[in-house]
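> coordinates only, sequence not included:
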């Protein structure tokens, strides 16, 4: 089993595999993995293999697959981006961990509920393998109270979190 230290090739790009190349990957994620410095998209997967092939062709991705098991068998991948429907995130991320031991970058929401999310976090921590969420709004004024931008939602959300009126923030 590869260790966390063997994930990234020395002086080479991080080679990504995407599981679930649907709409979110068309504009936001897929092209980004190709354009970012130190990043290379080498394989994509979608249950509809013709759609996976179409995505791969249009985005210059050399390999495409029609099943999770097939893409996980691809040897040249350093990290996984899981962009499948949220109800599949737990099963797929755990399978990635079990079969490859490689880091996973999971589209939001990470899982369907807190229990599933905790299960993922604990499984990845136990193996000392990084787990990330694709939460691109983490710097949004809605989320951060100290932003200089004006946003009515920011103060609304901030007050409720501080009063614990929407549940305990974890």
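In hand now; what should we look at? Note that this is a predicted model, so its numbers are computed, not measured.
> which residue ranges of this protein form strands?
14-19, 39-45, 63-65, 79-82, 104-107, 131-134 (DSSP state E).
> which elements pack onto the longest one?
Here strand 39-45 touches strand 14-19, helix 30-35, helix 49-59, strand 63-65, helix 68-72, going by 3 or more CB pairs under 8 Å, 6 or more residues apart in numbering; DSSP states H and E. C-beta: built from backbone N, CA, C; applies to glycine.
> quick one: terminal-to-terminal distance for stretch 70-80?
This stretch, stretch 70-80, spans 13 Å end to end (CA to CA, to the nearest Å).
> err, stretch 81-101, not the other one
14 Å.
> neighbouring contacts of the helix ranked longest in the chain?
Ranked by number of residues, the top helix in the chain under DSSP state H is helix 114-127. Outside helix 114-127, the residues within contact range by CB atoms under 8 Å, 6 or more residues apart in numbering are 89-90, 93-94, 97, 101, 104, 106, 109-111, 130-131, 170.
> now that helix: buried residues?
116-117, 120, 123-124 (16 or more other CB atoms under 10 Å).
> I'd like the distance from it to the chain centre, please.
15 Å (CA atoms, centre = their mean, to the nearest Å).
> now that helix: mean pLDDT?
Mean per-residue pLDDT for helix 114-127: 94.
> what's the answer for stretch 48-63, then?
Mean predicted confidence for stretch 48-63 is 95.
> what comes up buried for it?
52-53, 55-56, 59, 61, 63.
> do the same with stretch 91-105
92-97, 100-105.
> so which of those residues comes closest to residue 69?
Among the buried residues of stretch 91-105, residue 95 lies closest to residue 69 (CB to CB), at 8.0 Å.
> make CSV out of the buried residues of stretch 91-105 and add pLDDT.
Below are the buried residues of stretch 91-105 laid out as CSV (pLDDT from 0 to 100):
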residue, pLDDT
92, 97
93, 97
94, 98
95, 98
96, 97
97, 97
100, 97
101, 96
102, 96
103, 95
104, 95
105, 93
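> any chance of these in a markdown table, plus distance to residue 75?
Formatted as a markdown table, these follow (distance: CB to CB, whole Å):
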| residue | distance to residue 75 |
| --- | --- |
| 92 | 19 |
| 93 | 20 |
| 94 | 20 |
| 95 | 16 |
| 96 | 14 |
| 97 | 17 |
| 100 | 10 |
| 101 | 13 |
| 102 | 11 |
| 103 | 16 |
| 104 | 17 |
| 105 | 19 |
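> of these, closest to residue 73?
Nearest to residue 73 out of the buried residues of stretch 91-105 is residue 100 (CB to CB; 9.1 Å).
> chain neighbours aside, what residue packs nearest to that closest one?
Closest residue to residue 100 apart from its sequence neighbours, by CB to CB, 6 or more residues apart in numbering: residue 72 at 5.9 Å.
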